[in-house]
Structures are given as structure tokens and as C-alpha cells.
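> Predicted structure and sequence below. I'll ask about it afterward.
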Amino acid sequence: MFTAAAIAVLVALALAVTRAVKGPTVFDRVLAANSVGTLAILLLSVFGFLTGRPEWLDIAITYGLLNLIGTLAILKFFRHGDLAFDVEEDE
Amino acid sequence: MRALLVDALSWALILAGSFFTVTGMIGLLRMPDLFTRLHAASVTDTLGAGLLCLGLMLQAGLTIVAAKLLFILALLFFTGPAITHALAQAALHAGVEPWLTEDRRDRPMEPERQTDIEERPLAPAAQ
């Protein structure tokens, strides 16, 4: 049954990657990348149970934290064209 | 008997989670524009991940593994809406047009409302 869950997550991963390749705007690609991150967390969790080694969950947690920071950094870069953008300078 | 019941419940939760995960990603692929895709992708973030993690927690029992799964669940619970909000805000700021700019009675949205979105201060989550 863990195999079924893993296959479902892999199918969802394929759909998300398709959207990332197709996506007309850069924001569609960021959204797809974020979904790929979420699905990677789920796949790692299920894989830990599948192989009977719960250490995979630590990797999943790390991936979740990286996913948040990475997505926000990419959004900030595409919004301002600069990662060190300061609101005060703009006004 | 009790073990069997917990097992059956956890399998049902895992299967439902798998179903919603795939459903959300089909929505991400099929929806017509960015904002409806955001809506579809949140199904995977909330229902899919939530049910899958709950099912896995029932399999793990009261161990450190269940605590880690709970942590992953809390992480997704708080970061998902923040990222969705920042993404929608950034897309509006960059001038991505929503698919429907009219309401259900075919009236265009009030002009104040559209300019208001452009001039709103930066999202705190994006800083």
C-alpha cells in the first residue's frame, strides 16, 4: 500500500513537472517548483516507510525548510530584480 | 481487533491522501490561468499532504517518527498559505491579468479595486 502511495506521488510529480515545462509565465513555473518541493517531501516520507528506515523523514523536513526559503527568494528576485532590495530605497 | 481497525483507517487515509495529491496536480495542469492554478495546487498542500501524513502517523504509532510527521504537517500548514499569498501578490505586482476581470453579471470590476491592488504595500512575507 505504501507502494501505491509512492506511485500516486510520482504521477503527481510528473504532472507538476509538465506544468513547470509548459508554464507560460515565470510565476507558473515558481508555483510548479513549489508543488514539486511539497511532493518531494511526501515522497521522502512515504519512501521512509517503504524501506523501513525513518531517517528519510529528517531529509523531508530539511527539504521543507529549503523549499520555503527558496521559493520566497525566487519570488523576491523576480519581483524586484534584486535579492538585496530595500523598501526604503525605492521611495 | 484494535490493531486491524487502526490499520484499515490508516490505509484509507493514505489512499485518500494519494487521490487528493494527484487531483491537485491535475488541477495545476488543467486550470486556465495562474490564480486558478494556485487554487488547485493548494489541494495538494492541504488535503493531500494532510491525509497522507495522518495515515503514516497511524502506521508509526506513538514514536519519534510520528512527532517528525507532525512537524512536517505543521511546516506545510504554515508555509503553504504564506507562499501562495506571496506568489499571488508578486504576480499581481508584475501585471499578470486574472482570467476573469468581470464578475458573474458581466459587469467589469470597479477601476478603484484594480488600481488598489497595484499600489498595495509590499507583502511582509516577501521581505
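That came in fine, so what should we check first? Residues are numbered from 1 along each chain as shown, chains lettered A, B, ... in the order given.

> Can you report how many residues neighbour residue B:12?
Using other C-beta atoms under 10 Å in any protein chain shown, residue B:12 has 13 other residues around it. Every residue, glycine included, has its C-beta placed from N, CA and C.

> What's the separation between residue A:49 and residue B:89?
37 Å (C-beta to C-beta, to the nearest Å).

> of those two, who's got more company?
Remark: of residue A:49 and residue B:89, residue A:49 carries more neighbours, 22 against 19, as counted by other C-beta under 10 Å.

> Quick check: closest non-adjacent residue to that one.
In this structure, residue A:49 finds its nearest non-sequential neighbour in residue A:2, 5.1 Å apart by C-beta to C-beta, 6 or more residues apart in numbering or on different chains.

> how about the one you found, what does it touch?
Residue A:2 makes contact with A:46, A:49-50, B:14, according to C-beta atoms under 8 Å, 6 or more residues apart in numbering or on different chains.

> Over to residue B:95. Which of the three states is it?
coil (DSSP: H, G, I helix; E, B strand; the rest coil).

> Sorry, slip of the keys, the one I care about is residue A:54.
Of the three states, residue A:54 takes coil under three-state DSSP.

> Residue B:97: neighbour count?
Using other C-beta under 10 Å, residue B:97 is surrounded by 12 other residues.

> Which secondary structure element is home to the residue nearest to the spatial centre of chain A?
Chain A has residue A:37 as the residue nearest its centroid, 1.8 Å off, counting by C-alpha atoms, centre = their mean. Assigned by DSSP states H and E, residue A:37 falls within helix A:26-51.

> Find the helix or strand that the residue in chain A positioned nearest to chain B is a member of.
In chain A, the residue that lies nearest chain B is residue A:8 (3.5 Å; C-beta to the nearest C-beta). Following DSSP H and E, one finds residue A:8 within helix A:2-22.

> For that helix, list every residue counted as buried.
Neighbour-count burial for helix A:2-22, counted by 16 or more other C-beta atoms under 10 Å in any protein chain shown, picks out A:2, A:5-6, A:8-9, A:11-13, A:15-17, A:19-20.

> Repeat that for stretch B:20-33.
Neighbour counts using 16+ other C-beta under 10 Å place B:20-29, B:31, B:33 of stretch B:20-33 among the buried residues.

> which of the residues you listed lies closest to residue B:68?
Distance to residue B:68 across those (C-beta to C-beta) is lowest for residue B:21, with 19.5 Å.
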